[in-house]
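> Only the shape, not the letters, is given here:
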């Protein structure tokens, strides 16, 4: 089997995790938590989202968080931006890398960003151009790659077309999102078979949700295909607002447990990561759903 | 990647699931539940355990359950037996296949069956001989194959030796148990690399627990190695009494969700399986931990 020697974990908890939680974590708690994450060995943290606070009130303090965290050398601090306005704020906050996003399915794209897929491209193109002009790299996200809550199956070829347009704009990496956690390893193989004909494995990342328990199986399938950058969210924070009751992102600590056991190098310290997970669990005020936290209840010391 | 066309699911919920639950499911509820399982398309159900009720009081009605369920053609009804006394009861109940068990680690074996590994072999040999003489096939279980709660790592070579002795006795299949849910895909590959040099893939089964979220990833690794018989427990019922708070067996419904999505044939009807899961969830009186049930709260109709 094709096990990688090293894997890059991209931590999305402060953005994708918190954006799907109901309670507002205070700005100083967010900053303290992200500062902890900066010392775990993670090299990439998506710290917030510069969307309008009307849409994601739990991240309304994006600017203050981005400005007040203590940045650590070697860590890329990223943020989501939906449009030029968001980008301007991200530039003002001196974010290292911005992420743009769209969906692979028309209905989800419409509901999520109020535009058709075709209407979305020119908006993102302007964002990418201006980001580059400001010296910022841009990451792209495609949501609902493995299934849409409204349309069901998503065409692999339309994913290929969207990917091509995003890479043509100049994104440095594309993250393929299983937004509602329906993917299976064969689908991962099928989608990557198409995309890897067009783009190098190093330019792709996988963003799985564990709603149906398949996230780590999908990670293994991704490794087999040569893709070794994995998004995850500490403690399994977050999920999808359109799928209530469903568990959230693949948990960074579950991913790390598996990778550590396999001898795959990530540079991330499990003990420090666990402490940061317990810190945010206490602030969120409900048990986090990562298997790691559930299995070690009471055993991880803060 | 090496996806199988068909996979055999061996349902262990009525035994491994219920033996780790605290509450006693009434005999008539057990019978009704197993009768539902018999009509899901499952071809193998481990229905109970003929150990002394002092050790597993929740299965004290093993004889009555085994005698009163309505057996369906094409389904193998199996039961666990620890010794000759248990075997005699299983024969009286006309069980189709009996399972014997031991651990790969001395301490777990001692705590679980109060014997050293060496002392266990002659006991099991007598059971296998007598079972064969009564026309019953025998399955073997090895526990703690991927890690022991007392000793930690377990030697692959001692697993190989134990396996050899069990096959020499005449077991028809060996199930490799990740009793405390610590296995990772690389370990699965390593253990199977050793065992598949000695025994055909068709004679092995994998018995994973999802305590740390790795069960389906381990299933994928097993497929890659050519092993296609998987034990699982409906709804994720059960677990390990020595690891409180930890989630239980790989859930049959989670396994089936993944296999159905991949187009792998199992013969099991998901809708009927989900109904049987909700039935036992109601009797157990707590939410079951399968991702499938958690994600579909309120959506599955009884």
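Looks like it arrived, so ask away. Just so we're clear, the structure is a prediction, and the values are computed from it rather than from any experiment.
> what kind of secondary structure is residue A:146 in?
At residue A:146 the chain is in coil, as set by DSSP: H, G, I helix; E, B strand; the rest coil.
> neighbours of it, just the number please.
Applying other C-beta atoms under 10 Å in any protein chain shown, we find 28 residues neighbouring residue A:146. For the C-beta atoms, the positions are set from N, CA and C on the backbone; glycine is no exception.
> With adjacent residues omitted, what lies nearest to it?
residue A:183 (3.6 Å; C-beta to C-beta, 6 or more residues apart in numbering or on different chains).
> any bit of the lowest-mean-pLDDT helix or strand in chain A sitting next to chain B?
Taking mean pLDDT, DSSP states H and E as the measure, the helix or strand of chain A with the lowest value is helix A:291-295, at a mean of 84. Yes - using C-beta under 8 Å from any C-beta of the partner chain, helix A:291-295 reaches chain B at A:291, A:292, A:294, A:295.
> Hmm, the last one is touching residue B:210, no?
Put plainly, it is residue A:295. No - Residue A:295 is beyond contact range of residue B:210, at 9.7 Å (criterion: C-beta atoms under 8 Å).
> Around the residue lying closest to residue A:105 once chain neighbours are set aside, count how many other residues there are.
Using C-beta to C-beta, 6+ apart and skipping residues adjacent in sequence, the residue nearest residue A:105 is residue A:148, 3.6 Å away. The number of residues packed near residue A:148 is 23, by other C-beta under 10 Å.
> For residue A:148, which residues are in contact?
Neighbour list for residue A:148: A:103, A:104, A:105, A:107, A:108, A:154, A:180 [criterion: C-beta atoms under 8 Å, 6 or more residues apart in numbering or on different chains].
> Quick check: which element contains the fourth one?
Meaning residue A:107. Secondary structure assigned from DSSP states H and E places residue A:107 in helix A:106-113.
> Report the buried residues of the helix or strand just after that helix.
Helices and strands here follow DSSP H and E; after helix A:106-113, the next one along the chain is helix A:117-133. Across helix A:117-133, burial judged by 16 or more other C-beta atoms under 10 Å in any protein chain shown covers A:117, A:120, A:121, A:123, A:124, A:125, A:127, A:128, A:130, A:131.
> In TSV: those residues, plus pLDDT.
As requested, the buried residues of helix A:117-133 are exported to TSV (pLDDT from 0 to 100):
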residue	pLDDT
A:117	96
A:120	97
A:121	97
A:123	96
A:124	97
A:125	98
A:127	98
A:128	98
A:130	98
A:131	98
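> Closest to chain B out of the residues you listed?
Chain B lies nearest to residue A:117 out of the buried residues of helix A:117-133, by C-beta to the nearest C-beta, at 24.7 Å.
> Please verify my assumption that the closest one contacts residue A:106.
Yes - between residue A:117 and residue A:106 there is a contact under C-beta under 8 Å: 5.9 Å.
> any idea what sits nearest residue A:268, other than its immediate chain neighbours?
residue A:41 (4.3 Å).
> is the residue nearest to residue A:105 in a bridge, and if so with what?
residue A:152 (DSSP bridges).
> Quick check: it vs residue A:80, distance?
20 Å (C-beta to C-beta, to the nearest Å).
> Let's verify residue A:78: helix, strand, or coil?
Assignment for residue A:78 (three-state DSSP): strand.
> For it, give me its contacts.
A:44, A:45, A:46, A:47, A:95, A:96, A:97, A:98, A:99, A:139.
> Now do the same for the fourth one: helix, strand or coil?
Read that as residue A:47. strand.
> neighbours of it, just the number please.
Residue A:47, neighbours per other C-beta under 10 Å, totals 30.
> How about the contacts made by the closest residue to it other than its chain neighbours?
In space, residue A:47 comes closest to residue A:14 once its chain neighbours are excluded; the distance is 4.8 Å by C-beta to C-beta, 6+ apart. Shown in contact with residue A:14 (C-beta under 8 Å, 6+ apart): A:30, A:33, A:34, A:37, A:45, A:46, A:47, A:48, A:65.
> same thing with residue A:77?
Residue A:77 touches A:45, A:47, A:66, A:69, A:71, A:95, A:96, A:97, counting by C-beta under 8 Å, 6+ apart.
> what about residue A:74, neighbour count?
11.
> Quickly note the distance from the residue lying closest to it once chain neighbours are set aside to chain B.
Nearest non-adjacent residue to residue A:74, counting by C-beta to C-beta, 6+ apart: residue A:43, 6.1 Å away. Remark: distance between residue A:43 and chain B (C-beta to the nearest C-beta, to the nearest Å) = 23 Å.
> Check residue A:72 too.
To chain B, residue A:72 is 28 Å away according to C-beta to the nearest C-beta.
> sec struct for that residue, please.
coil.
> Near chain B, which residues of the stretch 151-300 of chain A are found?
A:181-187, A:189, A:210-217, A:219-221, A:224, A:243, A:245-247, A:251, A:254, A:257-258, A:261-263, A:290-292, A:294-295, A:297-298.
> got the angle between the helix or strand hosting residue A:163 and helix A:106-113?
If you go by DSSP H and E, residue A:163 is part of helix A:156-169. If you take axes from the mean of the first three to the mean of the last three C-alpha atoms, to 10 degrees, helix A:156-169 sits at 40 degrees to helix A:106-113.
> Can you give the distance of helix A:156-169 from its chain's centre?
19 Å (C-alpha atoms, centre = their mean, to the nearest Å).
> OK, contacts around residue A:273?
A:40, A:42, A:234, A:252, A:253, A:256.
> could you dump these to CSV with pLDDT, neighbour count and secondary structure?
Listed next are the contacts of residue A:273 as CSV, based on pLDDT from 0 to 100; neighbours: other C-beta atoms under 10 Å in any protein chain shown; DSSP: H, G, I helix; E, B strand; the rest coil:
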residue, pLDDT, neighbour count, secondary structure
A:40, 98, 25, coil
A:42, 98, 27, coil
A:234, 96, 35, helix
A:252, 98, 33, helix
A:253, 97, 28, helix
A:256, 98, 25, helix
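> Select, from these, the two members most distant in space.
With C-beta to C-beta as the measure, no two of those lie farther apart than A:42 and A:253, at 11.8 Å.
> Now do residue A:34 against chain B, distance only.
With C-beta to the nearest C-beta as the criterion, residue A:34 and chain B are 25 Å apart.
> The host helix or strand of that residue: which residues count as buried?
Residue A:34 belongs to helix A:27-38 when assigned by DSSP H and E. By neighbour count on 16+ other C-beta under 10 Å, the buried set for helix A:27-38 is A:30, A:31, A:32, A:33, A:34, A:36, A:37, A:38.
> okay, the fourth one: pLDDT?
Listed pLDDT for residue A:33 reads 98.
> Does it touch residue A:282 like I think?
No - counting by C-beta under 8 Å, residue A:33 sits too far from residue A:282 to count as a contact (10.3 Å).
> Where do the strands of the stretch 201-302 of chain A begin and end?
A:204-207, A:229-232 (DSSP state E, counting those that start in this stretch).
> Could you give me the ChimeraX selection string for whichever of the residues of the stretch 151-300 of chain A next to chain B are buried?
Remark: buried members of these, expressed as a ChimeraX selection using 16+ other C-beta under 10 Å:
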select /A:181,182,183,184,185,186,187,189,210,211,212,213,214,215,216,217,219,220,221,224,243,246,247,251,254,257,258,261,262,290,291,292,294,295
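> Okay, residue A:163 and residue A:156: tell me how far apart.
In terms of C-beta to C-beta, residue A:163 sits 10 Å off from residue A:156.
> More neighbours: the two, which one.
residue A:163 (24 against 18).
> Show the contacting residues for that one.
Here residue A:163 is in contact with A:142, A:174, A:195, A:198, A:199 (criterion: C-beta under 8 Å, 6+ apart).
> let's see 10 Å
Taking C-beta atoms under 10 Å, 6 or more residues apart in numbering or on different chains, we find residue A:163 in contact with A:104, A:140, A:142, A:145, A:171, A:174, A:176, A:191, A:194-195, A:198-199, A:203-204.
> what about it, distance to chain B?
22 Å.
> Could you do residue A:8 as well?
Per C-beta to the nearest C-beta, residue A:8 is found 18 Å from chain B.
> Switch the buried residues of helix A:117-133 over to JSON lines; also include distance to residue B:113.
Below are those laid out as JSON lines (distance: C-beta to C-beta, whole Å):
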{"residue": "A:117", "distance to residue B:113": "61"}
{"residue": "A:120", "distance to residue B:113": "63"}
{"residue": "A:121", "distance to residue B:113": "65"}
{"residue": "A:123", "distance to residue B:113": "66"}
{"residue": "A:124", "distance to residue B:113": "63"}
{"residue": "A:125", "distance to residue B:113": "67"}
{"residue": "A:127", "distance to residue B:113": "64"}
{"residue": "A:128", "distance to residue B:113": "64"}
{"residue": "A:130", "distance to residue B:113": "69"}
{"residue": "A:131", "distance to residue B:113": "64"}
